[in-house]
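[1] Mind looking at a prediction? Sequence and model below.
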Amino acid sequence: MQRLTVAGRLLITALILAGIFFAFRYFGGNEALRKLAPKDKEAAESQTLPSADDKTTEPAAEESTASSSGSSDEASSSQPGPAFTYTAPEPQNGVLKGVVEMGASGFNSFIVRIDDQKRWKLEKAEFGNSLVQENMASDEDIRAGLKSYIGKMLDFGVGGRNIQFVVSSGAVKIESTQKIIKALKTLNYVVNTVTPEQEGSLALRAVLPTEYYDNSFVADIGSGNTKISWKEGSFTKALETYGAKYYGNGTSDETVAADVKAKAKQVPSDHRKTCFIIGGVPFELAKSVRKGKERYTVLDAPSAYKLENAKSKAGLNIYKSIADATGCNQFVFDWDANFTIGYLLTLK
């Protein structure tokens with residue numbers, strides 16, 4: 001190449017360029033460029049458009065989030081309330097004590113062990129023993145029946161001085177109850193009567209754990225009346241409304257619901273986290289959802305129950321009215337508690 005003259009070098013370069021030109025024309029020339037041009041433009045445009053996961057897609061993502069949030073809110077309204085995990089403390093040693101409740105629908109008896117710190121545990125219970133009440137015609141029949149009833153408690157290990165009798169506020173007006181009170185006095189037993197307010201306060205004493213004093217309330221749906229109670233500092237506030245047997249008096253569901261709601265609305269808004277509920281109808285409601293032998297059962301929402309019994313339907317109306325008025329979505333039934341146990345806890 002170094003031996004070539006300048007003219008020779010130029011001639012060779014021209015031949016090479018000519019070869020390239022004719023080869024280009026042979027393989028398509030300008031037509032090939034036109035075919036390539038759109039692809040190049042598309043490729044160039046694709047580099048400037050946002051990709052599917054680019055930040056410019058956030059508005060769509062926000063719409064999806066809002067939709068998901070709405071679905072979550074709707075779902076949460078139909079979901080059960082938070083799990084109830086409280087465990088009552090066990091008494092250390094303690095003494096056996098017995099109490100008999102004379103209620104509007106019969107007798108209930110409880111044997112509990114209570115220690116010096118007022119921790120307690122239910123050892124035995126009998127519910128709805130109405131035959132004792134119904135079969136007592138004469139004074140002698142009453143005494144014989146009560147002796148048998150007391151004997152069962154003595155056989156269990158309860159000392160005679162540790163057996164108490166309490167008449168519910170709904171049972172005081174029943175004629176047969178007065179006969180039983182008289183018979184018990186002849187057996188040297190003291191019979192304690194309570195007002196609705198006292199009964200509500202005693203129910204709270206038995207069923208409401210101290211950890212829930214500042215955020216929860218208690219409902220005791222009895223046959224003769226319903227008591228709603230809560231703590232106000234060191235004091236207990238208790239209100240009375242209709243009981244589950246209102247249907248027998250010709251009172252309408254609407255009248256009862258209005259009164260129950262008016263009373264329940266007085267529960268302070270910061271005391272509506274959980275309602276501890278007891279009574280005959282709540283007992284029936286809890287049976288269908290109880291898990292094993294748990295002491296505390298969280299009830300289903302009122303709308304989940306389909307009941308046929310007149311008393312049960314009346315009690316459900318009361319339960320629904322309390323739920324509607326307070327907005328509380330966790331009603332916890334205590335299988336062991338009763339207002340009469342609250343009475344035992346007041347004794348030394």
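    Arrived safely.

[2] Please enumerate the helices of this structure.
    Per DSSP state H, the chain carries helices over the ranges 6-26, 30-46, 58-78, 130-134, 139-156, 175-186, 196-207, 253-264, 280-287, 310-326, 339-346.

[3] for the fifth one, which positions count as buried?
    Residues of helix 139-156 classed as buried by neighbour count (16 or more other Cβ atoms under 10 Å): 142-143, 145-146, 149-150, 153. The way it works is simple: take the backbone N, C-alpha and C, and place the C-beta from them, glycine included.

[4] for that helix, packing partners?
    strand 95-103, strand 106-114, helix 130-134, strand 163-167, helix 175-186 (3 or more Cβ pairs under 8 Å, 6 or more residues apart in numbering; DSSP states H and E).

[5] ok, back up a step: make JSON lines out of the buried residues of helix 139-156 and add distance to Ser169 and pLDDT.
    Shown next, in JSON lines, are the buried residues of helix 139-156 (distance: Cβ to Cβ, whole Å; pLDDT from 0 to 100):
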{"residue": "Ile142", "distance to Ser169": "22", "pLDDT": "71"}
{"residue": "Arg143", "distance to Ser169": "25", "pLDDT": "76"}
{"residue": "Gly145", "distance to Ser169": "23", "pLDDT": "73"}
{"residue": "Leu146", "distance to Ser169": "21", "pLDDT": "78"}
{"residue": "Tyr149", "distance to Ser169": "22", "pLDDT": "78"}
{"residue": "Ile150", "distance to Ser169": "23", "pLDDT": "88"}
{"residue": "Met153", "distance to Ser169": "23", "pLDDT": "94"}
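
[6] which one of these sits closest to Gly103?
    Taking Cβ to Cβ as the measure, Gly103 lies nearest Tyr149 of these, at 14.4 Å.

[7] residues in contact with the residue nearest in space to the middle of the chain?
    Closest residue to the average C-alpha location of the chain: Gln330 at 2.1 Å, with Cα atoms, centre = their mean. Counting by Cβ atoms under 8 Å, 6 or more residues apart in numbering, Gln330 makes contact with 81-82, 84, 273-275, 298.

[8] what's the distance between it and Lys293?
    Gln330 sits 21 Å away from Lys293, going by Cβ to Cβ, to the nearest Å.

[9] now Glu232
    Glu232 is 35 Å from Lys293, by Cβ to Cβ.

[10] and these two? which has more neighbours close in?
    Glu232 (10 against 6; other Cβ atoms under 10 Å).

[11] ok, for the more buried one, nearest residue in space, not its chain neighbours?
    Leaving aside its chain neighbours, Glu232 sits nearest to Pro268 (7.8 Å; criterion: Cβ to Cβ, 6 or more residues apart in numbering).

[12] Give me the domain ranges for this structure.
    Following automatic domain parsing, the chain resolves into domains at 95-193, 197-346.

[13] Pick out the shakiest of these, pLDDT-wise.
    For the domains of the chain, mean pLDDT drops lowest on domain 95-193, to a mean of 84.

[14] for that domain, how far is the first residue from the last?
    24 Å (Cα to Cα, to the nearest Å).

[15] beta partners for Phe276?
    For Phe276, the beta-bridge partners under DSSP bridges are Val218, Val332.

[16] show me the contacts for the nearest residue to Met102 once chain neighbours are set aside.
    Excluding the flanking residues, the one nearest Met102 by Cβ to Cβ, 6+ apart is Val167, at 4.7 Å. Each residue near Val167 by Cβ under 8 Å, 6+ apart is listed here: 102, 177, 181, 191-194.

[17] Quick check, the residue nearest to Glu232 in contact with Trp230.
    Yes. Taking Cβ atoms under 8 Å as the definition, Pro268 is a contact partner of Trp230 at 6.9 Å.

[18] Name the residue in these two with the higher neighbour count.
    The neighbour count for Pro268 versus Trp230, taken as other Cβ under 10 Å, is higher for Trp230 (26 against 14).

[19] which ones are touching the more buried one?
    Neighbour list for Trp230: 204, 216-218, 236-237, 267-268, 271 [criterion: Cβ under 8 Å, 6+ apart].

[20] Just put these in JSON lines and tack on distance to Lys306.
    Below are the contacts of Trp230 laid out as JSON lines (distance: Cβ to Cβ, whole Å):
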{"residue": "Leu204", "distance to Lys306": "31"}
{"residue": "Ser216", "distance to Lys306": "28"}
{"residue": "Phe217", "distance to Lys306": "27"}
{"residue": "Val218", "distance to Lys306": "26"}
{"residue": "Thr236", "distance to Lys306": "35"}
{"residue": "Lys237", "distance to Lys306": "34"}
{"residue": "Val267", "distance to Lys306": "28"}
{"residue": "Pro268", "distance to Lys306": "33"}
{"residue": "His271", "distance to Lys306": "30"}
